[in-house]
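> my questions concern the predicted model and sequence given below.
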Amino acid sequence: MREPTSESRDEILESLSEQPRTKPDLVAASSVSRSTVDRRLAELTDEGYVEPVDSSYRLTEIGHLVLQERRAYRSHMETLEAAAPVLEPVEPGSVDVAFLRGATVETPTPCAPWKVFEASRGILNAADSLIGTGPTVVPTILDDLGNAVEHGGLTCEFVLDEELYESFDDRERELVREIVEAGDGRLLLTSLSDSYAIWIAEGDEEIHAGLTVYDSSGPCGVIFNDDPDAVAWAREQYHERRASADVVLECR
């Protein structure tokens with residue numbers, strides 16, 4: 001939650017973002033009192049963000065830049081607030097803030113928890129290649145991957161938790177094998193303790209990186225981002241886990 005002082009300052013900066021305005025106009029557009037507008041205008045003027053012009057006030061160049069940064073900050077805080085319930089099962093210090101800046105957060109609904117995968121399924125279907133870890137895998141994910149390989153020509157490389165793979169039934173193992181073989185992919189096994197899967201889906205025009213987070217009851221949510229810094233962080237995390245993995249199936 002923002003402090004009232006910060007909120008009223010932002011309100012004035014936003015009011016002046018497109019054109020100069022008089023003090024009565026600012027008061028009329030504000031959610032705070034005239035005396036508060038007076039104080040905030042005085043502060044912003046002293047700091048060089050606002051300047052008087054005739055009977056009006058306008059943003060200075062630095063004022064415009066400050067407003068851009070404030071907007072970016074507010075947007076980032078909204079993303080962090082949306083991601084908070086998704087990241088609850090994640091070990092503190094695991095996720096870099098660069099991955100979350102500008103990210104999309106999808107959360108499940110109680111009546112249809114698997115709909116949380118709809119957006120990432122669209123990314124998957126548009127991709128040419130996918131690399132990803134699997135500390136946990138739910139059946140719907142394997143089905144989605146199988147469809148993307150069969151109908152979209154997706155190439156997959158998985159790093160799965162070895163205990164998870166040992167727990168697969170015959171159908172699940174066969175599905176993984178078909179996905180890897182049909183897509184000229186690779187399967188590697190290692191020990192994974194993460195509460196999330198890391199994935200990078202790459203197409204002709206876009207690269208998306210994502211985290212699919214799980215707890216003991218199922219999926220907590222999906223967070224994905226196409227920002228280069230987010231993709232770079234996810235790729236680094238993937239290769240750290242891949243470095244300790246053994247290839248058990250390769251079709252190239």
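Ah, there it is. Numbering: from 1, shown residues only.

> domains in this structure, as residue ranges please.
Taking automatic domain parsing as the reference, the chain has its domains at 4-72, 84-250.

> how about those in TSV, adding mean neighbour count and mean pLDDT?
The C-beta positions use only the backbone N, C-alpha and C, and glycine is treated the same way. Output for the domains of the chain, formatted as TSV (neighbours: other C-beta atoms under 10 Å; pLDDT from 0 to 100):
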stretch	mean neighbour count	mean pLDDT
domain 4-72	15	91
domain 84-250	17	92
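
> got those as CSV, with distance to Glu78 columns?
Compiled in CSV, the domains of the chain are given as follows (distance: least, C-beta to C-beta, whole Å):
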stretch, distance to Glu78
domain 4-72, 11
domain 84-250, 10
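
> which residue ranges of the stretch 1-150 of the chain form strands?
Applying DSSP state E, counting those that start in this stretch to the stretch 1-150 of the chain gives strands spanning 21-22, 50-53, 56-59, 104-106, 129-134.

> so which of those gets nearest Leu13?
strand 56-59 (6.8 Å; C-beta to C-beta).

> who's in contact with that closest one?
13, 16-17, 19-23, 26, 41, 45, 49-51, 67 (C-beta atoms under 8 Å, 6 or more residues apart in numbering).

> Ala209 versus the residue lying closest to Asp229 once chain neighbours are set aside, what's the distance?
Nearest non-adjacent residue to Asp229, counting by C-beta to C-beta, 6 or more residues apart in numbering: Ala98, 4.5 Å away. Ala98 sits 11 Å away from Ala209, taking C-beta to C-beta, to the nearest Å as the criterion.

> hey, what's in contact with both of those two?
Ala230, Trp233.

> could you dump the strands of the stretch 1-150 of the chain to JSON lines with distance to Ile223?
Listed next are the strands of the stretch 1-150 of the chain as JSON lines, based on distance: least, C-beta to C-beta, whole Å:
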{"stretch": "strand 21-22", "distance to Ile223": "39"}
{"stretch": "strand 50-53", "distance to Ile223": "37"}
{"stretch": "strand 56-59", "distance to Ile223": "34"}
{"stretch": "strand 104-106", "distance to Ile223": "5"}
{"stretch": "strand 129-134", "distance to Ile223": "14"}
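
> tell me which of those strands lies nearest to Glu91.
Evaluated over the strands of the stretch 1-150 of the chain, closeness to Glu91 peaks at strand 129-134, with 14.6 Å, by C-beta to C-beta.

> ok, Thr136 touching Leu164?
Yes: between Thr136 and Leu164 there is a contact at 6.6 Å, judged by C-beta atoms under 8 Å.

> can you name the residues that contact the residue nearest the centre of the chain?
Centroid-nearest residue in the chain, with C-alpha atoms, centre = their mean: Ala103, separated by 2.8 Å. Applying C-beta under 8 Å, 6+ apart to Ala103 gives the contacts Thr79, Ala83, Ile223, Phe224, Asn225, Asp227, Ala230.

> again, only using 10 Å
Shown in contact with Ala103 (C-beta atoms under 10 Å, 6 or more residues apart in numbering): 76, 79-80, 82-83, 209-211, 223-227, 230.

> please apply the same query to Val149.
Applying C-beta under 10 Å, 6+ apart to Val149 gives the contacts Leu124, Leu130, Thr155, Cys156, Glu178, Ile179, Val180, Glu181, Ala182, Gly183, Asp184, Gly185.

> just Ser55 next, same as before
Residues in contact with Ser55 (C-beta under 10 Å, 6+ apart) are Pro20, Thr22, Lys23, Pro24.

> what's it sitting at in phi/psi?
phi -100, psi 10 (degrees, to the nearest 10).

> distance of it from Leu44?
17 Å.

> re earlier: identify, from the contacts of Ala103, the entry nearest to Arg34.
His76 (32.0 Å).

> what's the local residue count around that closest one?
15 (other C-beta atoms under 10 Å).
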